[in-house]
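Visitor: got a structure for you, letters missing:
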Ligand SMILES: [Fe+2]
Ligand SMILES: [Fe+2]
């Protein structure tokens with residue numbers, strides 16, 4: 001299997017986009033199916049964001065200063081996704097906001113993945129080359145082993161948000 005960092009991240013993206021389509025294909029009343037699909041989305045995004053945040057983004061920022069603005073914007077997009085993921089992880093699928101929140105998460109992550117794949121990953125490949133991308137990929141595989149599968153303390157965040165909103 002390839003350890004090329006960008007190939008690995010694009011494989012993750014494929015699995016994430018597939019789960020998004022599963023969600024969109026599930027019927028309006030398929031509460032149980034949608035709940036399982038969102039569990040899967042939460043896990044896929046938690047792991048993927050972790051390895052990008054821990055390995056890919058800091059290394060790109062350090063090695064390709066021209067891409068600093070793209071990396072900083074991407075961190076912010078991860079942050080927005082993290083908030084939604086954390087809320088969804090603590091939310092029952094019967095909640096009236098569940099589908100709306102998932103739909104907003106899907107829209108925002110699709111946009112983010114599109115920017116990574118078309119706007120700045122190609123620049124990273126040009127700047128770093130094959131050997132460095134393979135080293136990066138190996139570090140990302142190690143990060144994947146220790147990555148959390150779920151956001152930490154979703155219940156605590158939900159309580160905070162409920163307290164703020166009420
Ligand atoms: Fe990302
Ligand atoms: Fe990504």
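Guide: Done, it's in. Predicted model, so just to flag it, every value in this text is computed and none were measured. Numbering: from 1, shown residues only. Ligands and ions are numbered 1, 2, ... in the order given.
Visitor: rest of the way, CA atoms for contacts and neighbours
Guide: Fine.
Visitor: in which helix or strand would I find the residue positioned nearest the centre of the chain?
Guide: Nearest residue to the geometric centre of the chain (C-alpha atoms, centre = their mean): residue 45, 3.5 Å. Assigned by DSSP states H and E, residue 45 belongs to helix 31-51.
Visitor: before we move on, what about residue 148?
Guide: Counting by DSSP H and E, no helix or strand carries residue 148.
Visitor: who are the contact partners of the closest residue to residue 108 other than its chain neighbours?
Guide: Using C-alpha to C-alpha, 6 or more residues apart in numbering and skipping residues adjacent in sequence, the residue nearest residue 108 is residue 81, 7.4 Å away. Contacts here follow C-alpha atoms under 8 Å, 6 or more residues apart in numbering; on that basis residue 81 touches 105, 108-109.
Visitor: now the longest helix anywhere in the chain: buried residues?
Guide: For the chain, the longest helix by residue count, based on DSSP state H, is helix 121-146. Of all the residues in helix 121-146, those buried under the rule 16 or more other C-alpha atoms under 10 Å are 121, 123-124, 133-134, 136-141, 143-144.
Visitor: so, low pLDDT: which residues of this structure?
Guide: For the chain, the stretches flagged by pLDDT under 70 are 1, 153-166.
Visitor: coming back round to it: thought the residue nearest to the centre of the chain was touching residue 16?
Guide: Yes - judged on C-alpha atoms under 8 Å, residue 45 makes contact with residue 16 at a distance of 7.3 Å.
Visitor: between the buried residues of helix 121-146, which is nearest residue 115?
Guide: Using C-alpha to C-alpha, residue 121 comes nearest to residue 115 of the buried residues of helix 121-146, at 8.4 Å.
Visitor: apart from its neighbours in sequence, what residue is nearest that closest one?
Guide: Closest residue in space to residue 121, ignoring its immediate chain neighbours: residue 6 at 7.1 Å, by C-alpha to C-alpha, 6+ apart.
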